[in-house]
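Peer 1: 3D, please:
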Amino acid sequence: MAKPSKYKSQKIEIDGHTFDSKKEGKHYQGLKLLERTGQIQDLQLQVVFVLVDSVVLDGRKKPAMRYIADFVYFKGGLKIVEDVKSKATRRLPAYRQKKHLMASVHGIEIREV
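Peer 2: Predicted coordinates for the structure are as follows:
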């Protein structure tokens with residue numbers, strides 16, 4: 001039996017993609033419609049951004065710190081990075097640090113939906 005989600009979300013599959021929640025899946029469907037009508041371009045899912053390169057500490061290699069965006073697309077020539085978050089996960093310290101690093105390192109402000 002699968003372990004229930006920490007935040008009570010339910011995984012859902014749409015178009016062969018598995019989403020962490022129904023909310024994320026529904027948002028994907030809305031973005032696909034916007035892409036089909038030409039309002040956004042180049043919709044990508046689960047895009048990886050390196051925030052801090054890997055390092056060697058105390059003789060051991062530590063992996064790079066990464067942020068994985070739920071959705072990335074272009075609108076009017078601007079790169080938009082979106083993350084589907086609940087109120088609870090928006091307050092998590094790890095997410096807040098990654099959001100800060102995305103702005104600092106990549107100059108990108110994450111749009112939360």
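
Peer 1: host element of the residue most central in space within the chain?
Peer 2: Closest to where the C-alpha atoms of the chain average out (CA atoms, centre = their mean) is residue 69, at 2.2 Å. Secondary structure assignment for residue 69, by DSSP states H and E: strand 65-75.

Peer 1: And residue 88, by the same measure?
Peer 2: Applying DSSP H and E, one finds residue 88 within helix 87-90.

Peer 1: neighbouring contacts of the helix or strand following that helix?
Peer 2: Scanning forward in sequence from helix 87-90 by DSSP H and E, the next helix or strand is helix 93-101. Outside of helix 93-101, the residues within contact range by CB atoms under 8 Å, 6 or more residues apart in numbering are 51-52, 65, 67, 85, 89-90, 110. Using the backbone N, CA and C atoms, a C-beta is placed for each residue, glycine as well.

Peer 1: for helix 93-101, the distance to its chain's centre please.
Peer 2: Its chain's average C-alpha position is 12 Å from that of helix 93-101, according to CA atoms, centre = their mean, to the nearest Å.

Peer 1: so for it, what's the average pLDDT?
Peer 2: For helix 93-101, mean pLDDT is 94.

Peer 1: list the buried ones in it?
Peer 2: 95, 98-99, 101 (16 or more other CB atoms under 10 Å).

Peer 1: about what we covered before: which PyMOL command selects the buried ones in the contacts of helix 93-101?
Peer 2: Buried members of those, defined by 16+ other CB under 10 Å, are picked up in PyMOL with:
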select buried, resi 51+65+67+85+110
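
Peer 1: now residue 49, which residues is it bridged with?
Peer 2: Note on residue 49: beta-bridge partners residue 67, judged by DSSP bridges.

Peer 1: Need the residues that contact the longest helix along the chain.
Peer 2: Taking DSSP state H as the criterion, the chain has its longest helix at helix 22-36. With CB under 8 Å, 6+ apart as the test, helix 22-36 has contacts from 9-10, 12-15, 17, 19, 40-41, 43, 45, 70-71, 73, 82, 84, 86, 113.
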